[in-house]
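[1] Sequence below, structure please.
(2 chains)
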Number of protein chains: 2
Amino acid sequence: MKSYLSASQMELRNEYNQIKEQYGEFCKSSLKLDMSRGKPGADQLDLIEGMLTVLAGNQDCYTRNGWDCRNYGLVDGIPEAKALFAELIGVQESELIVMGNSSLNIMYDTMADAMLFGVNGKEPWCKQGTIKFLCPAPGYDRHFTLCETFGIEMIPVKMNADGPDMDQVEQLASSDASIKGIWCVPKYSNPTGITYSDEVVRRFASLKTAAEDFCIYWDNAYLIHDLNAETEPLLDLLAACKQQGTENRVFMFASTSKITFPGAGVALFAASETNIARRKKKLCAQTIGHDKLNQLRHVKYFGCASGVKEHMQKQAAILRPKFDCVLKTLKAELGDKGIASWHHPKGGYFISLDVYENTARRTWELAKNAGVTLTNAGATFPYNQDPRDCNLRIAPTYPSNEELQTAIRILCCCVRLSALEKLLQA
Amino acid sequence: MKSYLSASQMELRNEYNQIKEQYGEFCKSSLKLDMSRGKPGADQLDLIEGMLTVLAGNQDCYTRNGWDCRNYGLVDGIPEAKALFAELIGVQESELIVMGNSSLNIMYDTMADAMLFGVNGKEPWCKQGTIKFLCPAPGYDRHFTLCETFGIEMIPVKMNADGPDMDQVEQLASSDASIKGIWCVPKYSNPTGITYSDEVVRRFASLKTAAEDFCIYWDNAYLIHDLNAETEPLLDLLAACKQQGTENRVFMFASTSKITFPGAGVALFAASETNIARRKKKLCAQTIGHDKLNQLRHVKYFGCASGVKEHMQKQAAILRPKFDCVLKTLKAELGDKGIASWHHPKGGYFISLDVYENTARRTWELAKNAGVTLTNAGATFPYNQDPRDCNLRIAPTYPSNEELQTAIRILCCCVRLSALEKLLQA
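    As a prediction, this is how the structure comes out:
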């Protein structure tokens, strides 16, 4: 049977009975698979075993210029880590701070700082009444959780194939001074996998904003997370902003959570020299410094930026078959049914699946009952409100290839079943 | 010559000429010694070399119950780290979160959280107008810096030999609802080295406060940092508060910065179960979790709480001669001059030296010019204002024994010289 949309009620009924039976079979197999988060698999982590012991003795704990990384100091990171990561993310060393283990934590702090102390010398956001953020959606649920935590009102913005809908962004940002920023995952975006076009980046750099303390939160979480040898190029926002004199609106985040160890990686904060100086001053009050031994482990293990890229190709060799498996199964099971569409990402950690309208929650529930836990339906939208209830985020990295194959077959069965339920109601 | 205070002008003049000459000699030797922070020496850090490689391969990275510490999850710490550190600091596992590498960072976050979200369900401090904190002084300069960062007004409280002056604390806390908390270093206090008496702890537990959102910030930085085999006992504040029903006012901080690696240790947050639940919920938004590999390193290296204590005895063997050296030199050079007094700490990282009134800044400057950098005079008081300009903090841990000997001789010379200058002016 081809597209459900052109099928007769009889055909749909037959299909429903068949798929319902298939679903029943899946439920009998006692699968328990959590695909809710973008978690690396153990095989990916096994690749970096050598980093565990790269600091093998006391004498290994010193920087090139003799600083003892076991002791206090260097609140903005060790020089060789700054050099390596500045090259990797394409900023100057003076525009970078190498921090702790969580870029989400840097984002939280950046927002908390804006709330309490303000941005670019303006009044603290907590004294400015309602604060709003633009949230391209579908997007990353934990960005939205941060806004909710701080009571920041979220305005969804449409995601296009080349990034956020910039017409909408420009219209909103220029007309409302309570809109203080926007969340962006500019490369291999979470969850759609798209990379922002040069034009989108340039329009961000020259964006007219009603608020003088408008911020672009640029979460470059997947900056070198290519699935293939070639990368999708991303224009340098900080450089583009410097040309426009708008560099103080840029706050960039990245980490090695999905390069080395999630939870034991190194997190990065990049911004204009002005904002780096301000942040560094703040850090001196805020912490005794970050884990320099872990920074040194990263530097000694990788040697240089190209060492990191080589390592990512080994990871890609593990991840590519997983993405291929999902895409092939989606195509085989849903390709001709007219009820679902999806992206073919060239990198990142997710495949974004749009199912038949108003069936994402039902699909999620069916999958859950059959043992496959996906990221909550709706989670990719602010306030968990997917206006068309159609988006699901597939995180293929954690399961084994075998489990993944089964899980996606179950998911496809659920997508079909929920669409059929809806179509038969109509 | 005995006490300067009973000397004639002639005697003082002679002594001045002699000490001035001595000082000139010291200045000629081109010593450069930074004793400004309580930093462990490299010999102390060398003791823990084994921790660097205690996780030697992929198979070592799992908790007892099979959790992969390389990956995401366990935002409140790995179970075995909670067990070990709960025993060490004397709380229940349910009253503890094992965090990142910096207890100062936890204190910052606790204060930022109170500012933005309030304490015990009360209004955020940032919406309550002027907020004040009680600051026992002399105290820890970085506590005071936190208050300044958040615009919290500091009220100095006198430090007695058994802790803060509780008459003063009770009078202030009960009469002013804008006083929201107090900073405490209850054991081997920074800088005076004293440990709070049982009575002081009990009075904290039963303290009547005008503010319902009053907090005790209990920075137990030196909880097992004994210089000798015996320890100075400290009553359990959380237990005492539970008896009074005041446990929600307690926020406890500790770390292994001065047990394992400063900057690559493990930091601890302990509080009532109510406050732990609240903090844990918050952490889920705030971070992807802390470095569990580093937590696991600590657990595998020490094995159990008594393993930590054994290790601290090895450190004590390094530190004891340093403290002895300072105390002996102070006694020899200043013991009979009537112009200085000091504490004899049984643990911790500092010796607090009170010099002749209104000469601490001058002494600091003289020492600096002779190549010995101490913590800034005044730094141990809120706003750097030592009302009697007499307190200096000696941090003997970082220099070698030889350097230390020289440095303290220079310091004593400067103490005498500045006192003589003052006495000859009078």
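[2] pull the helix or strand with minimum mean pLDDT from chain A.
    Within chain A, confidence by mean pLDDT, DSSP states H and E is lowest for strand A:33-35 among all helices and strands, at a mean of 88.
[3] now what about it, what contacts it?
    Contact partners of strand A:33-35, identified using C-beta atoms under 8 Å, 6 or more residues apart in numbering or on different chains, comprise A:371-375, A:394-396, A:398-399, A:403, A:406-407. C-beta coordinates here come from the backbone N, C-alpha and C atoms, glycine included.
[4] Pick out the residue in the stretch 51-200 of chain A sitting closest to chain B.
    residue A:105 (4.1 Å; C-beta to the nearest C-beta).
[5] Compute the number of surrounding residues for that residue.
    The local packing count at residue A:105 equals 23, with neighbours defined by other C-beta atoms under 10 Å in any protein chain shown.
[6] Let me know whether it touches residue A:267 as I believe.
    Yes. The pair formed by residue A:105 and residue A:267 meets the contact definition of C-beta atoms under 8 Å, at 7.0 Å.
[7] For the stretch 101-250 of chain A, which segments are assigned as helices?
    Along the stretch 101-250 of chain A, the stretches classed as helices by DSSP state H, counting those that start in this stretch are A:103-117, A:141-149, A:166-175, A:198-205, A:237-244.
[8] Ok, the stretch 301-426 of chain A next?
    Using DSSP H, counting those that start in this stretch, the helices of the stretch 301-426 of chain A run over residues A:305-334, A:360-369, A:401-425.
[9] what's the most distant pair in the contacts of strand A:33-35?
    Considering C-beta to C-beta, no two members of the contacts of strand A:33-35 lie farther apart than A:375 and A:406, which are separated by 18.3 Å.
[10] Tell me how many other residues crowd whichever residue of the stretch 301-426 of chain A sits closest to chain B.
    The nearest approach of the stretch 301-426 of chain A to chain B comes at residue A:398, 8.5 Å away (C-beta to the nearest C-beta). Using other C-beta under 10 Å, residue A:398 is surrounded by 22 other residues.
[11] Who's the closest spatial neighbour of it, skipping the chain neighbours?
    By the measure of C-beta to C-beta, 6 or more residues apart in numbering or on different chains, the closest residue to residue A:398 outside its immediate chain neighbours is residue A:39, 4.3 Å from it.
[12] Just to check, that neighbour is in contact with residue A:263?
    No. The criterion here is C-beta under 8 Å, and residue A:39 misses it with residue A:263 at 10.3 Å.
[13] Mind checking which of those two has more residues around it?
    The residue with more neighbours, out of residue A:39 and residue A:263 and counting by other C-beta under 10 Å, is residue A:263; that gives 25 against 22.
[14] Nearest residue to the more buried one in space, ignoring adjacent ones along the chain?
    residue B:289 (5.0 Å).
[15] per-residue pLDDT, the one you found?
    Residue B:289 is assigned a pLDDT of 96 by the prediction.
[16] Secondary structure of it: a helix, I assume?
    No. The assignment for residue B:289, made by DSSP: H, G, I helix; E, B strand; the rest coil, is coil rather than a helix.
[17] ok now stretch A:99-119, how far from the chain's centre?
    What separates the centre of stretch A:99-119 from the centre of its chain is 17 Å, taken as C-alpha atoms, centre = their mean, to the nearest Å.
[18] try stretch A:225-240
    Relative to the mean C-alpha coordinate of its chain, stretch A:225-240 is positioned 15 Å out (C-alpha atoms, centre = their mean).
[19] show me what contacts residue A:144?
    When the contact criterion is C-beta under 8 Å, 6+ apart, the partners of residue A:144 are A:135, A:154, A:183, A:381, A:382, A:383.
[20] and which of those is nearest to residue B:302?
    Comparing the contacts of residue A:144 against residue B:302 with C-beta to C-beta places residue A:183 closest, at 41.5 Å.
[21] Excluding covalently adjacent residues, which one is nearest to that closest one?
    Spatial nearest neighbour of residue A:183, excluding adjacent residues (C-beta to C-beta, 6+ apart): residue A:143 at 4.4 Å.
[22] Ok, residue A:366 next?
    Here the nearest residue to residue A:366 in space, its sequence neighbours aside, is residue A:414; by C-beta to C-beta, 6+ apart that works out to 3.8 Å.
[23] is it true that the one you found touches residue A:360?
    No. Here residue A:414 does not reach residue A:360: they are 10.4 Å apart, not a contact under C-beta under 8 Å.
[24] what angle separates the biggest strand by length in chain A from helix A:198-205?
    When chain A is scanned for its longest strand (criterion: DSSP state E), the result is strand A:153-160. Going by axes from the mean of the first three to the mean of the last three C-alpha atoms, to 10 degrees, strand A:153-160 is angled at 160 degrees with respect to helix A:198-205.
[25] Report all helices and strands that strand A:153-160 contacts.
    Using 3 or more C-beta pairs under 8 Å, 6 or more residues apart in numbering or on different chains; DSSP states H and E as the contact definition, the elements that strand A:153-160 packs against are strand A:132-137, helix A:141-149, helix A:166-175.
[26] what are the pairing partners of that strand, and which direction each?
    For strand A:153-160, the paired strands and their directions (DSSP bridges) read strand A:132-137 (parallel), strand A:163-164 (antiparallel).
[27] okay, those strands in CSV with mean pLDDT, distance to residue B:337 and mean neighbour count next?
    Putting the strands paired with strand A:153-160 into CSV (pLDDT from 0 to 100; distance: least, C-beta to C-beta, whole Å; neighbours: other C-beta atoms under 10 Å in any protein chain shown) gives the following:
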stretch, mean pLDDT, distance to residue B:337, mean neighbour count
strand A:132-137, 98, 64, 24
strand A:163-164, 98, 73, 25
